[in-house]
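Got a predicted model here, sequence first, then my questions.
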Amino acid sequence: MKPVVKVVGLGPSGSAFLKTYSRAVGVELSRQYFKACGEAVPVETPLVDPEFVVDKVRRFKFYLWRKEVGEVTYLKPRWYIVNKKAWVESMRGENLAGETPEVLVKAGGPYQSIGEKIYVARAYIEGIKLEDETAYFIFPQDSIGFYWVFPHGGVYNIGAGFIGVSNPVPYIYEFIEKWLGGGRVIDIRAAPLTIVPQITLYDGESFRIGEAAGLIYPLTGEGIRPGIISAIELAKALGTRHPLRNYRRAVWRIIRQVEFQKRILRLAQRLLAKGRTPIEFIEDSILREFIEENLGAKTLFIALAKRPRQGIRLINALLR
């Protein structure tokens, strides 16, 4: 019989675990818990009920401040924008009662993760009109991080986070004025995000899922999909003779992506210190992999082979 599990933290990954695993009791880490994000998930993300989809994205535009540097368009929507609060609460269901937990699972996101963190801000704004089903990523010239603009069912989700910036809220207001040309802020909040995570699937006393396990992509900050997948895979693994081994095997592809992206992030910091910006090496094939979270050394090297001089410098820096 599967063990009774206590899962601490009921964001997307913890709630998905409750929905997936029948012998679990959930504990809220904090009534004030909040995660600043774009509330976007790839369309293939498990457990996404269409009832909670408030918008869709099929076009992605990338800017170096005001200069457009790339665009990726799909024939059909590639991301769903969800009402995250309602969706997460719908997955919690009824907690198991009357049995003593035998296994602890940590799902407290950045509040339980191990690794370098920054603060990220998210605002809902109204009073602007952009292209339908389009997401925008705007990279400043002098910082590592980006702004995002996502549609959100009649309003827009605006966010930002940068390495070395402890309070991104003023940056959001400046962005709304200077890049968007105005807009009325309905709500704005900030929260920590793990950008250089230490992968920890088991810490000696508990299993970990989602961002608490370090399963968050450093380049995009995407944590919902890997959080959902890790919850489902741990729920499966706990019913086997070797749960940790099977859990690690199931999320190995995510781990490899996280570790590779950590190296790219460090490379970006080195380039910026030398007055260069990583966006100058970008082309549409890399942007597509960025969206798909499939960016790897092979894709990067093939794209850079078309620009040998820049490619050699970037590859040398990456391999150091």
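Arrived safely, thanks for sending.

for the stretch 151-300 of the chain, what spans make up the helices?
169-178, 224-237, 243-250, 252-273, 284-292, 297-304 (DSSP state H, counting those that start in this stretch).

Tell me what angle the longest one forms with helix 243-250.
Think helix 252-273. Angle of helix 252-273 versus helix 243-250, following axes from the mean of the first three to the mean of the last three CA atoms, to 10 degrees, is 60 degrees.

now for helix 252-273, which elements pack on it?
strand 184-197, helix 224-237, helix 308-319 (3 or more CB pairs under 8 Å, 6 or more residues apart in numbering; DSSP states H and E). Every residue, glycine included, has its C-beta placed from N, CA and C.

most packed of the ones you listed?
Highest mean neighbour count among the helices and strands packed on helix 252-273 (mean count of other CB atoms under 10 Å): helix 224-237, with a mean of 24.

for that one, packing partners?
Using 3+ CB pairs under 8 Å, 6+ apart: helix 224-237 touches helix 12-20, strand 40-42, helix 243-250, helix 252-273.

Of all the helices and strands in the chain, which has the lowest average confidence?
In the chain, the helix or strand scored least confidently by mean pLDDT, DSSP states H and E is helix 297-304, which has a mean of 47.

about what we covered before: with distance to residue 163 as extra columns, can I get the helices and strands packed on helix 252-273 in a markdown table?
Output for those, formatted as a markdown table (distance: least, CB to CB, whole Å):
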| stretch | distance to residue 163 |
| --- | --- |
| strand 184-197 | 7 |
| helix 224-237 | 21 |
| helix 308-319 | 17 |
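
Would you list the phi and psi of the residue nearest to residue 197 when sequence neighbours are not counted?
Nearest residue to residue 197, sequence neighbours excluded (CB to CB, 6 or more residues apart in numbering): residue 214, at 3.4 Å. Main-chain dihedrals, residue 214, degrees, to the nearest 10: phi 90, psi 10.

Tell me which of the helices of the stretch 151-300 of the chain sits most buried.
Mean neighbour count (mean count of other CB under 10 Å) peaks for helix 224-237 among those, with a mean of 24.

average pLDDT across it?
For helix 224-237, mean pLDDT is 96.

again with stretch 175-189
Stretch 175-189 carries an average pLDDT of 95.

Tell me which residues touch residue 190, please.
Residue 190 sits next to 36, 119, 120, 121, 122, 167, 168, 169 when contact means CB atoms under 8 Å, 6 or more residues apart in numbering.

at 10 Å instead, please
Residue 190 makes contact with 34, 36, 119-123, 159-161, 166-169, 172, according to CB atoms under 10 Å, 6 or more residues apart in numbering.

Which PyMOL command selects the buried ones in these?
In PyMOL, a selection of the buried entries from those looks like this (16 or more other CB atoms under 10 Å):
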select buried, resi 36+119+120+121+122+123+159+160+161+168+169+172
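
Residue 183: which of the contacts of residue 190 is nearest?
Distance to residue 183 across the contacts of residue 190 (CB to CB) is lowest for residue 123, with 8.9 Å.

Just confirm residue 214 contacts residue 109, I think it does.
No. Checked against CB atoms under 10 Å, the pair residue 214 and residue 109 is beyond contact range at 11.0 Å.

joint contacts of the two?
With CB under 10 Å, 6+ apart as the test, residue 214 and residue 109 both reach residue 194.

Residue 73 reaches residue 59, doesn't it?
Yes. Judged on CB under 10 Å, residue 73 makes contact with residue 59 at a distance of 4.7 Å.

who touches both of these two?
Residues within reach of residue 73 and of residue 59 at once, by CB under 10 Å, 6+ apart, are 133, 134.

circling back to that earlier point, which of the helices and strands packed on helix 224-237 has the lowest average pLDDT?
Within the helices and strands packed on helix 224-237, the stretch with the lowest mean pLDDT is helix 252-273, showing a mean of 83.

Compute the inter-axis angle for that helix and strand 184-197.
For helix 252-273 against strand 184-197, the angle by the same axes, to 10 degrees is 100 degrees.

List the contacts of stretch 82-89.
The contact list for stretch 82-89 (CB under 10 Å, 6+ apart) reads 10-16, 19, 34-35, 37-41, 45, 47-55, 80, 90, 152-153, 224.

same thing but 7 Å
Contact partners of stretch 82-89, identified using CB atoms under 7 Å, 6 or more residues apart in numbering, comprise 11, 12, 15, 39, 41, 48, 49, 52, 53, 54.
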